[in-house]
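>>> Provide a 3D model corresponding to the input given below.
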Amino acid sequence: MRSMGLPNSGKRTLPALAVVLVITLSTASLVRAGEGGAAVSPAQARAEAANLISRVVSASEAGDVRPGTAPDWEGAVPGKPLLVCSCDGNPSQYLVPVLNSGGKVVSTIGVSATTGTWTRYSPRYQLPEFPLVDAGEAIEEVRGFLERRGTPIDLPAPEARVAPDKVVYWFFDLPGELPINDVYLPVFFEAPPLADVTFSRVKEPASEGENKRDHPRGGIGEVAAEPETPVTRAGGAPAAYDIEGVPYHVQEDGVWCGAACLEMVFDYSGPDISQSEIAGVSNTKSPNGCFNSELFRSAQFSSNSASIQDPGLHGYTARALGYGAAYEYWEDGSSLYDSRYTDLKSLVAQDYPVLILTYYDTPPSTGHFRLVKGYNDSLDEFIVHDPWYTPPWDGPDQHFNQTFLVDSLWDYSDRWGMIAAPWSVSITKPASVYAGQEFTVEASVSYRGPNPLEGQFPCTGATATLQMSSSYQIVGGEASRAIPGIDATGSSGRASWTLRPMETGSTDDIQVTAMGSVAGSTDAYGTYSDWIGGVGTGGSVPAVTSRTWGHDSVGVPNPSQLWYLAEGCTNGGFETWVLVQNPNNRPANVGLTYMTPDGATQGPTEQLPANSRKTFYVADVVPDCWDVSTMVTSDEPVIAERSMYGNNRTWGHDSIGTSVTSKQWYLAEGCTNGGFETWVLVQNPNNEPADVSLMYMTTEGAKQGPTETLPANSRKTFNVADTVPGCWDVSTLVTADRHVVAERSMYGNNRTWGHDSIGTRSPSKQWYLAEGCTNGGFETWVLVQNPNNVPATVTLNYMTPDGFVTGPTEELPANSRKTFYVGDNVPDTWEVSTTVTSDEGVIAERSMYGNHRTWGHDSIGVSVPSTKWYLAEGCTNVGFETWVLVQNPNTVPTEVTLTYMTPDGPVDGPSETLPANSRQTYNVGYTVPGAWEVSTMVTSTLPVIAERSMYGDPR
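Predicted structure coming up:
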């Protein structure tokens, strides 16, 4: 039986101690429940749960909840509450199941049985029934158990109790004349009954019972003076915040909750550290578990020390350097008490997951470590990763009532909390250098520890060491430099070097390691000293944006003198920009014509210099227009794209134009469920009307859409949901009696994101999709449309920097659409391209989302690789990132060269060899930083595929 924790007995060095289950037929049972029931009725608990459901739904609809941080409770209702008592039989809380519109239990809500307020809720419930074992089933199970032991009796109604081992049991209190006093049967997992269970609390060792701080705030060896009056800080944190990308790890043993939480912290900031190594370093063992002081010491553990349980382990296997760390107590009556809420939120809002030691459940209960990673004031909640592994409160993103967590559960440890993070090392240097050119590398180092955690763990010998290849010479001095200013948490400093390169090239092979020595003491280790620090490799690239929006487009292999761009809008807060790239060695005279529901409007005419790029703002000519398409003409072959933004640039999307019109267009992506909008945009560039018809293809087959007549030189928008509402997967076929152009745009989460793509004129048996990422909060989906009247067998394969990965094979029914989640086959991969092959002609697109779907982008695939690609859009100035993604689908390596085109002319970009069946990403800001307008040309010795993705800040 797995368990953790002793109730708090006033210790400042606190354990999350375990309890022992002693199964015997002679020991006394736990204290029996007293007369009377809960102060709160089941109806009141159900009403409180219904109120919480309504609040969560309203907050989600109002945009007060970050997408992905709250359950989807639209249409949900509370079910029948289950009263759970504490181990001594006193009513503790109701567990209220949340039923979706189909009657399935999808979540659970805890409501206090004494106050009637909600305490916490779980975003998921994955068992087939609630509870898994009901009271009637428990009676039958226990009756059979007793009959097999020769004790057949009529059983009393059981009582649900949460035991000190954190498991909820059905408790049967049997008559005193029987040889068995009581029986326990798990409620939320299947296991045999247990007779006469005594939860024996383990006596603490005397050395762990002292009232002391192992790591005083004022420095090693002394206790910091406490101010005589409380200090209250104003809360400057936002009203809601959830740290993105905090990994979740379940505890691998019943007493490893602390090790699991620290593993999550390590994995968030650097390499994933073995949970078993952390448990050994923190001296975690059954049945005592782990003391907070030993767990804290484990954050600083480095190669300068040996693990107390494995003396052969010097530093963690995955990281030899320790983390900087700090902790505090926000106990009653202290100077920090009044800021216990604001401090916790402030730390989270600065992207510090906070590791806390709490009661597991309503006090009195056992001790348990948890990791706080988010909060939402509109819902009065903290969001917590809980490493425990049995329902109903297991798993990531558990939501706790703020008061319940802070003033009830956290009180177990006098509100002890800690953070741990590597030193921040930011490097400033040029992106590339010429042979013989002297340049400076500067490292800005921060020993992190925000208020109120500054001034802890004095550091000595803070040093920055430059690490580089033999192609550089240091001009004066050594590779290691002292870092003035680094002395304790919250301090920072700088170090710099002058280098002379022996060769021309990138400076990507330069990094800096910063480190310093800290000391401390614990009961297990006595006095220890460790090296803590961090490593920096970047700094030559403009700062990463907030990525409030993202957009993407595939390139084109050939310039053209004529381009069509179907989408465009200059009303309702929409911006539309047309981007024209001239890849020629001579000027190009370019003219734009806009097409609206009222007909054609003449746009600007400009001469573009050789090898340059020009941006046109559509609203300069056609303001306040809901529907506007563009036609670009030129006397020299050029490339044209169109980018759009909305809501003060909280979303953006982009698409390459098309140089040809067609009577038939295919659009693979589309969704009209879950808050998604899908719009099909058709441009008629002819001087005569065109009859246009839409057909939709879903997982259930084809659905006939609208038929319209488009006037000459006009544009028409179709809302797919008018015909196919509530559909997760829908593709579109556009047919016309004249040659037209078709695009599709999509929006979601009340238009917090948008993406767009041009259609394709014909299916193909092979498609290439260069962009893709399944790490860092990115989602990548491949969408395949089968427009045939027969099934199609489709196979996906993935290409990464490490080579080829086999993907799924599926049969798509006739006139249908299928979605593939790339993360199912290639998880946690920063760079992944896709190849789609089929025995019938199909259409493939790829959509991506990030930041919990606060942005999204999409692109049609490429059916034929090429040795030359053009990408018209690009910007590397403040608030913009631009990335070029190249896929090599060949079985042999290929040489790839990038050339950038700006208003000032061409700039040479990187040139390198791409391995066979691989993918490579290029940050344009490495070579052309601070450029408002930059296009790209990609050339290669073998046919490849090139895309460009962009991200940016709001206006």
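>>> the closest residue to Val265 other than its chain neighbours: neighbouring residues, count only.
In space, and not counting its chain neighbours, Val265 is closest to Ala420: 5.2 Å by Cβ to Cβ, 6 or more residues apart in numbering. C-beta here means a position set from N, CA and C on the backbone, and glycine is covered the same way. For Ala420, the tally of surrounding residues (other Cβ atoms under 10 Å) stands at 26.
>>> tell me how far Ala420 lies from Trp388.
21 Å (Cβ to Cβ, to the nearest Å).
>>> now swap in Arg481 and tell me
From Arg481 over to Trp388 the distance is 46 Å, taken as Cβ to Cβ.
>>> who has more neighbours, those two?
With neighbours defined as other Cβ under 10 Å, Arg481 and Trp388 compare such that Trp388 has more, 22 against 19.
>>> show me the contacts for that one.
Trp388 makes contact with 166, 250-251, 257, 360, 368, 394, according to Cβ atoms under 8 Å, 6 or more residues apart in numbering.
>>> ok, and the most crowded of those?
Most neighbours among those, by other Cβ under 10 Å: Cys257, with 32 neighbours.
>>> which SS state does Val40 fall under?
Following DSSP: H, G, I helix; E, B strand; the rest coil, we place Val40 in the coil state.
>>> tell me the contacts of the nearest residue to Asp627 once chain neighbours are set aside?
Nearest in space to Asp627, with sequence neighbours left out and distances taken as Cβ to Cβ, 6+ apart, is Arg715 at 4.7 Å. Arg715 sits next to 566, 568, 595-597, 627-629, 681-684 when contact means Cβ under 8 Å, 6+ apart.
>>> as CSV, the residues you listed with neighbour count and distance to Ile278 would be great.
As requested, these are exported to CSV (neighbours: other Cβ atoms under 10 Å; distance: Cβ to Cβ, whole Å):
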residue, neighbour count, distance to Ile278
Ala566, 32, 56
Gly568, 27, 55
Met595, 28, 63
Thr596, 18, 63
Pro597, 14, 64
Asp627, 20, 59
Val628, 27, 59
Ser629, 27, 59
Leu681, 26, 54
Val682, 24, 59
Gln683, 28, 59
Asn684, 27, 65
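>>> can you pick out the most distant pair from those residues?
The most widely separated members of these, counting by Cβ to Cβ, are Gly568 and Asn684 (14.1 Å).
>>> before we move on, the earlier item: any idea how far Leu313 is from the residue nearest to Asp627?
67 Å.
>>> for Glu873, same thing?
51 Å.
>>> what of Ile153?
55 Å.
>>> between those two, which one's more packed in?
When Ile153 is set against Leu313 and neighbours are counted by other Cβ under 10 Å, the residue ahead is Leu313, at 18 against 15.
>>> per-residue pLDDT, the more buried one?
pLDDT, the model's per-residue confidence, is 96 for Leu313.
>>> domain ranges for the chain?
By the record's domain assignment, the chain is partitioned as 19-201, 247-421, 424-536, 549-952 (automatic domain parsing).
>>> what about the residue nearest in space to the middle of the chain, helix or strand, and which?
When Cα atoms, centre = their mean is applied to the chain, the residue found nearest the centroid is Gly777 (3.2 Å). Counting by DSSP states H and E, no helix or strand carries Gly777.
>>> contact partners for it?
Residues near Gly777 by Cβ under 8 Å, 6+ apart: 244-245, 850-852.
>>> which of those residues sits closest to Asn750?
Once Cβ to Cβ is applied, the member of these that ends up nearest Asn750 is His852, at 13.9 Å.
>>> and the strands in the stretch 701-850 of the chain, which stretches?
Here the stretch 701-850 of the chain has its strands, by DSSP state E, counting those that start in this stretch, at 701-710, 714-719, 730-748, 753-758, 764-769, 779-786, 792-800, 803-812, 816-821, 833-850.
>>> report back the residue of the chain that's furthest from centre.
Ranked by distance from the centre of the chain (Cα atoms, centre = their mean), the top residue is Glu177, with 58.0 Å.
>>> what about it, which SS state?
coil.
>>> show me where the stretch 1-150 of the chain has helices.
Ranges of helices in the stretch 1-150 of the chain, per DSSP state H, counting those that start in this stretch, are 42-61, 135-147.
>>> which helix or strand in this protein has the lowest average pLDDT?
Every helix and strand of the chain was ranked by mean pLDDT, DSSP states H and E. The lowest is strand 19-23, at a mean of 36.
>>> could you give the number of residues near Thr897?
14.
>>> how close does the residue lying closest to Gly759 once chain neighbours are set aside get to Ala690?
Among residues not flanking Gly759 along the chain, Trp665 sits closest, at 3.8 Å (Cβ to Cβ, 6+ apart). Distance, Trp665 to Ala690, by Cβ to Cβ: 12 Å.
>>> now Thr835
To Ala690, Thr835 is 35 Å away according to Cβ to Cβ.
>>> over to Arg817?
Look at Arg817 and Ala690: by Cβ to Cβ, they are 26 Å apart.
>>> how about Gly322?
Distance, Gly322 to Ala690, using Cβ to Cβ: 69 Å.
>>> hmm, Ala325 and Phe266 touching each other?
No. Applying Cβ atoms under 8 Å, one finds Phe266 not in contact with Ala325, separated by 11.1 Å.
>>> now for these two: what residues contact both?
By Cβ under 8 Å, 6+ apart, Phe266 and Ala325 have these common neighbours: Ala420.
>>> elements contacting the one helix or strand the residue nearest to Val265 maps to?
Assigned by DSSP H and E, Ala420 belongs to strand 416-421. Applying 3 or more Cβ pairs under 8 Å, 6 or more residues apart in numbering; DSSP states H and E, we find strand 416-421 packed against helix 257-269, helix 292-300, strand 324-329, strand 354-359.
>>> the first one: what's the following helix or strand?
Using DSSP H and E, the helix or strand that directly follows helix 257-269 along the chain is helix 275-281.
>>> pull the CA atoms of that following helix into CSV?
Once non-C-alpha atoms are left out, helix 275-281 reads as follows in CSV (Å, rounded to 0.1, in the frame of the first residue of the first chain):
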residue,chain,number,x,y,z
GLN,A,275,13.6,10.9,-10.2
SER,A,276,15.3,8.0,-8.5
GLU,A,277,18.6,10.1,-8.4
ILE,A,278,16.7,13.0,-6.8
ALA,A,279,15.1,10.6,-4.2
GLY,A,280,18.6,9.3,-3.3
VAL,A,281,20.1,12.7,-3.0
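>>> contacts for it, please.
Outside helix 275-281, the residues within contact range by Cβ under 8 Å, 6+ apart are 249, 251-253, 255-256, 258-260, 262-263, 266, 284, 290, 297-298, 301, 307-310, 313, 316-317.
>>> off-centre distance for stretch 758-768?
Mean C-alpha position of stretch 758-768 versus that of the full chain (Cα atoms, centre = their mean, to the nearest Å) differs by 31 Å.
>>> tell me which stretches of the stretch 301-450 of the chain form strands.
Per DSSP E, counting those that start in this stretch, the stretch 301-450 of the chain carries strands over the ranges 324-329, 354-359, 367-376, 381-386, 395-401, 416-421, 424-428, 432-433, 439-447.
>>> show me the contact partners of the first one.
If I follow you right, that is strand 324-329. By Cβ under 8 Å, 6+ apart, strand 324-329 touches 12, 213, 215, 217, 292, 296, 299-300, 336, 343, 413-423, 447-449, 452-454, 456-457, 489, 518, 532-534.
>>> which secondary structure element contains Thr936?
According to DSSP H and E, Thr936 maps onto strand 935-952.
>>> noted, bye for now.
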